[in-house]
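Asker: Here is my input, please return the structure:
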Amino acid sequence: MNGCSRLRMLPRALLFLALTGAGFAQAQEAPGSNAATPTASTSQPPTNQNTPAEAKQLATVVVQATALPGGKVLDADKVPGNVQSLSAADVTRNGSASMTQALNSQLGSISVNDNLNDPYQPDILYRGFEASPVLGTPQGLAVYQNGVRINEAFGDTVNWDLFPDMAINRVQLVSSNPVYGLNALGGAISVEMKNGFNYTGGELELSGGSFGQRSAGAQYGANNGTFGIYAAAKTLNSDGWRDFSSDALRQFYTDLSMRADGLSLDLSYTHAENHLDGQGSAPAQELAVSRRLVFTGPQANDNELNFVTLNGTYQATDHWSVQGVLYYRQFTQRVSNGNTTDYTACTDAALAGSLCQSDGVTPVNNAAGQNLPDISQGGTVPIGENDFETIDSYSHGATLQISNDQSIFGHDNQFTAGATFDYAHTHFYSGAQIGVIDDQLTVLPSNLYVDTPESSPFGAVPVILAANNRDIGGYLTDTFNVTPDFALTASGRYDVAHIDLQDQRGTSLNGNNRFSHFNPAVGGTYKLSPTLTAYAGIATSTRTPTASEIECSDPLKPCLLPSNLAGDPPNLRQVVAHTAEFGLRGNIPDAFSAGGVATWNLGAFRTNSFDDIYGISTSVSSGFYQNIGSTRREGIEAGFNYTTDKWSTYFSYSYVDATFQSALQLPSPSNPFQDADGNIEVRPGDRLPGIAKNRVKAGVDYAVTPQWKLGASIIIASNEYYFGDESNQNKPLPGYHVVNLHASYQLARNVELFGSIDNVFNAKYATYGIYSDPTGVNAPGVPVDGVSNGPGVDNRFYSPAAPTTFYGGVRVTF
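Answerer: Okay, the predicted model is just below:
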């Protein structure tokens, strides 16, 4: 879009904001202050109303020493690493509550990959490590809710749609710390939910906007000093801006609390039933025809969750306290992915009229042993496959920890130690159904189900697998004040993980795997002045191979990701990451002539991962996993935040250089620079795909009047390489900048109007790209008779970002 067109859009955008308002749900503590300082929480009154003065309470800034709520809190200036946070007000900064949107727009070194191209199913990256809902993605972040690690058992996935955003009290993002256990290679995200003591009052919200989005939500909290209750519910429907991309979310959360005589108990229940139609990436040539178009469908996820936690804290003495959590989690996922297929018309005359495997001579059978008919009519009709999977997972576990803040020889000291036990049983089923691809690129349903035995040289279909995960861990952390200005922190955790796999069709998937590792960390902080602190630290973290990775690690039998597994896999080793970081942070009270508070941070980090597990794509829907030697993610983080009674601004810059550190050969049959065997050569120093080196985030909010508030934010990102181009031989996915506006108007004491405009200038960009084969299905824009990498064929796929969208609503509090 040219500059004149963008300017013509501004009056429409400003008019919309002036009429509706959006952004500040309430007057709030500096949105984005989290981006510049290591804050994790500030003391807040138990109410749903925040005041601007809260932003200035720097003296009360504290962090939780571990993921378990209720433990001893630590002065943020004693943390030897970068810690960021979001308050409940930050989560609702743009209107309706959205944790993933707040993470992406406000916190430094956070980025999003739209792998599935669904706003409720993003891949969240921090320092180049991912927490993704996509089974098979190497998961490098640990994610907690109320002290329970909620990376799902079978693939360590994180389903962001299951979080009841309206019920979030605060989010804490910490850099690499072994206390947070498995998957915390890059760091951890810890989410604390609301209860009847940190939220009192009630709220009703109705909103709607572009592409048929409509939503309703309500929350209520109350306590009588001893007992408290909190409940929140939300329903959302959206038609989606791309074809066949509707979403439906149903979320509920409740918490029953008790506070008495040093004892604190919280019993919570989370429920979700969501249907999500993220359509994923599509060929560049097809998207040039229309960015609404999709490439092979259906693409549907149905997620259901029942999650119960019982958190408790007991203050045994003035210095000793005990914290614990018990939980039960039941997660069900149903996935249907319409894909292209390697099944083809048989070339052997004796098998004429039948379908064969990719070699053209091995017939494809059903469960009765009968050959499947050639519905491609000799290859003249495009066919595909519906790859479907079911995951039923049941997990339970407990964490118990003790904390002590008694001084040692006159020196302040804070000590925490704990133990965890987690058990999960997962039933996994996947299969494939062959169907004709219609003119909308949908794989039509049929009764042609593939049955390939495990003895076949091709991947077994269907797969029926039972997986049992048993994880045991013990951890401790101690912060000792050598002097009032110099604090040392030492931490450590020992984890033992058992993964037992039981093949329900045969024996080739059977396996029993045990992984163990001790992860230490040490660091220090030094207060150079009352407003300036230096920090430095080193840490080790690990993640174990998941069941899906272990059973899909044979390059000779690529899996239909994430819908299939392969027998007799090679052994995968656990990933070990070593992180070093250092930096400065500070605050400037009564900054500038307007007064207010300014905070800032500047730091550097390096994480070297050894035996990294990498997902290697052999097509848009298939691949395998292998240890690839070492990778490195290093960079710089800087942030600045400034708050007055009327203004609130934030700025962050992150430089993340993510590279391969080992030479390796990877299959990439859709890469234009593949060799004769379909491989590419990756050299040390080549950049990891999907990670932009440079990223800038900035935002400003201004109270025009006590009732009317306006705000704007911008994200600027540099280019990133496509998946499938790990050798960095092709042009990368271009960088982008996107501007968002929001505002709110307090119509009455308890009635607020809000609205937002996302992607104001209708920037056409993408955050995820991959090389694959677009031919053979008559996709619009792709030559009908074209071949992969042939004349006139572009093998680039990407997930297009949403165009300009308008949202507005009303919020009533009581």
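Asker: Check which helices and strands the helix or strand hosting residue 421 is in contact with.
Answerer: Element membership for residue 421, per DSSP states H and E: strand 413-436. Strand 413-436 is packed against strand 383-404, strand 448-449, strand 463-481, helix 547-550, with contacts defined by 3 or more CB pairs under 8 Å, 6 or more residues apart in numbering; DSSP states H and E. Any C-beta I mention is one placed from the backbone N, CA and C, and that applies to glycine too.
Asker: If you count neighbours, what's buried in the third one?
Answerer: Going back to what we said before, that points to strand 463-481. By neighbour count on 16 or more other CB atoms under 10 Å, the buried set for strand 463-481 is 463-465, 467-473, 475-481.
Asker: Name the residues of the following helix or strand past it that are buried.
Answerer: Next helix or strand after strand 463-481 toward the C-terminus (DSSP H and E): strand 486-503. Buried residues in strand 486-503, defined by neighbour count with 16+ other CB under 10 Å: 487-489, 491-495, 497-501, 503.
Asker: of those, closest to residue 85?
Answerer: Proximity to residue 85 was ranked across the buried residues of strand 486-503 by CB to CB; first place goes to residue 489, at 18.5 Å.
Asker: Now do the contacts for the closest one.
Answerer: Applying CB atoms under 8 Å, 6 or more residues apart in numbering, we find residue 489 in contact with 78-80, 477-480, 521-525, 537.
Asker: And for residue 210?
Answerer: For residue 210, the contact set (CB under 8 Å, 6+ apart) comprises 241, 804, 805, 806, 807.
Asker: Tell me how far residue 719 lies from residue 753.
Answerer: Remark: distance between residue 719 and residue 753 (CB to CB, to the nearest Å) = 39 Å.
Asker: let me redo that: residue 128
Answerer: 40 Å.
Asker: swap in residue 298?
Answerer: With CB to CB as the criterion, residue 298 and residue 753 are 37 Å apart.
Asker: Equivalent analysis for residue 62, please.
Answerer: To residue 753, residue 62 is 35 Å away according to CB to CB.
Asker: if we can go back for a sec, quick one, which of residue 298 and residue 753 is more surrounded?
Answerer: residue 753 (19 against 16; other CB atoms under 10 Å).
Asker: Doesn't the more buried one lie inside a strand?
Answerer: Yes: Residue 753: assigned to a strand according to DSSP: H, G, I helix; E, B strand; the rest coil.
Asker: got a pLDDT number for it?
Answerer: Note for residue 753: predicted pLDDT of 98.
Asker: So it is in contact with residue 808, correct?
Answerer: Yes: under the criterion of CB atoms under 8 Å, residue 753 makes contact with residue 808 at 7.3 Å.
Asker: Name the nearest residue to residue 354, sequence neighbours excluded.
Answerer: Among residues not flanking residue 354 along the chain, residue 371 sits closest, at 4.1 Å (CB to CB, 6 or more residues apart in numbering).
Asker: neighbours around that neighbour, how many?
Answerer: Residue neighbour count, defined by other CB under 10 Å, stands at 15 for residue 371.
Asker: try residue 361
Answerer: 11.
Asker: got it, and residue 732?
Answerer: 16.
Asker: buried ones in the helix or strand hosting residue 513?
Answerer: Element membership of residue 513, judged by DSSP H and E, is strand 511-529. Residues 511, 513, 515, 517, 519, 521, 523, 524, 525, 526, 527 are the ones in strand 511-529 that count as buried (16+ other CB under 10 Å).
Asker: List the pairing partners of that strand within its sheet, with orientation.
Answerer: In the sheet, strand 511-529 lines up against strand 486-503 (antiparallel), strand 532-543 (antiparallel) (DSSP bridges).
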